[in-house]
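K.L.:
everything below, folded, please.
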Amino acid sequence: MSMNRLRRTTPTLRAVLTVLLLVGGVSVLAAPAQAAGTLGSLTIEPSSGNLSSVITVQTPGACDQGTNIKATVTGTGVVAGTENIVGNTPISSFPSNSAGGFNVQLTETFASFAALQSPAITTYSGAYTITVICKNAIGASTYGTFEGTVYFIGTTNTWQSTPPPPAPTVVTAAVRTGTAQVTKTQTCSATFTDATTLAYAWLNNGVPIVGATASTYTLPSSLYSRTISCRVTATNVTGSISSTSAGAVVAAGPKPTLTKAPYTYGTFKVGYTVKTTNGSWSLSRLTYSYQWKRNGVAISGSAARKYNYKLVSADRGRYITCTVKVSKAGYASNSATTARKKVA
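P.N.:
Predicted coordinates for the structure are as follows:
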């Protein structure tokens, strides 16, 4: 073969050899990794639990490639490099399930997994994703994942596999209805989204009243001239929110009504002492005050402001009455006057 012909054939041979080597490399050295993606959702058993619960995750099918799996947990407080909750393990080690997949019992509980983190997790919060990763025994290539999520409820370190509802929000702000007057019953109402429970509090000048935790409240006399309002708090597993009504100044209760009129008795002659009864009223524990009158005009002096009165010479031939006034804290006052009697 001439040198010129050899020069012409050498590049062709070199190209053929290069193609053969590349093809050989592909078929012998490493198969291309399948693009990693989510192969399905995990079923988590039990569906709820606490830090000590032993969890098994069920895949809905088999890994498309790979001989092994590992499982990881990601979420608040989980440190990179310590996320494995099941190490690299042959798939054949796990029992199959009726869906054509396999069941993986996590080798750590959330309690023991928390201690592996630095710093250790003291309170789980929010969502944590469990991922089963299809892979080979050796190498970093992965061939898809199965994922599931557990949701920790508040700060209780209890979890569930279904998403919790959003925290409540106010739909209609708290409203107090009813006449703001001693003895009158008040009603508190408000509406919220996603509320599991409603709690009520009645407020005296903005301070909760001990024991006043129902949706209704009857105003006692001690709240006269104070500002009454109410608060409703809606709660669910995710959180809570409160709404407080506008305040109203409490008016005095209705005045006592007379059920039996007072009357005077005794000898109505100068020098004698006469007395009055209090009469009967619709309220109990009343305070009584008295004013004796001569011909309808109040008699001056403290002696004329007692339940008894000694008739004096100025009373002779005049008509004597007594006005009984009743009062009670937090209520309007009332009074009644006895029938008149002439002094001899």
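
K.L.:
alpha carbons only for contacts and neighbour counts from here, please
P.N.:
OK.

K.L.:
contacts for stretch 202-217?
P.N.:
Residues outside stretch 202-217 that contact it (Cα atoms under 8 Å, 6 or more residues apart in numbering) are 185-189, 199-201, 223, 226-231.

K.L.:
and it, end to end?
P.N.:
Using Cα to Cα, to the nearest Å, the end-to-end distance of stretch 202-217 comes out at 8 Å.

K.L.:
which parts of that stretch are buried?
P.N.:
In terms of neighbour count (16 or more other Cα atoms under 10 Å), stretch 202-217 has its buried residues at 202-205, 208, 213, 215-217.

K.L.:
reformat the residues you listed as TSV; add secondary structure, pLDDT and distance to Arg285.
P.N.:
Shown next, in TSV, are those (DSSP: H, G, I helix; E, B strand; the rest coil; pLDDT from 0 to 100; distance: Cα to Cα, whole Å):
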residue	secondary structure	pLDDT	distance to Arg285
Trp202	strand	98	26
Leu203	strand	98	27
Asn204	strand	98	24
Asn205	coil	98	26
Pro208	strand	98	27
Thr213	coil	98	28
Ser215	coil	98	29
Thr216	strand	98	26
Tyr217	strand	98	22
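
K.L.:
dump those residues to JSON lines, plus distance to Ile241.
P.N.:
Below are these laid out as JSON lines (distance: Cα to Cα, whole Å):
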{"residue": "Trp202", "distance to Ile241": "16"}
{"residue": "Leu203", "distance to Ile241": "17"}
{"residue": "Asn204", "distance to Ile241": "21"}
{"residue": "Asn205", "distance to Ile241": "21"}
{"residue": "Pro208", "distance to Ile241": "17"}
{"residue": "Thr213", "distance to Ile241": "16"}
{"residue": "Ser215", "distance to Ile241": "17"}
{"residue": "Thr216", "distance to Ile241": "20"}
{"residue": "Tyr217", "distance to Ile241": "22"}
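
K.L.:
closest to Lys306 out of those?
P.N.:
Lys306 has its nearest neighbour among those in Asn204, at 37.5 Å by Cα to Cα.

K.L.:
what's the closest non-adjacent residue to Val182?
P.N.:
Nearest non-adjacent residue to Val182, counting by Cα to Cα, 6 or more residues apart in numbering: Gly253, 4.2 Å away.

K.L.:
that neighbour: what's it in contact with?
P.N.:
With contact set as Cα under 8 Å, 6+ apart, Gly253 has these partners: 181-183, 221, 224, 330-332.

K.L.:
just the ones of these in helices?
P.N.:
Using DSSP state H, no member of those falls in helices.

K.L.:
from what I can see Thr273 touches Gly266, true?
P.N.:
Yes - proximity of Thr273 to Gly266 meets the contact threshold set by Cα atoms under 8 Å, at 6.9 Å.
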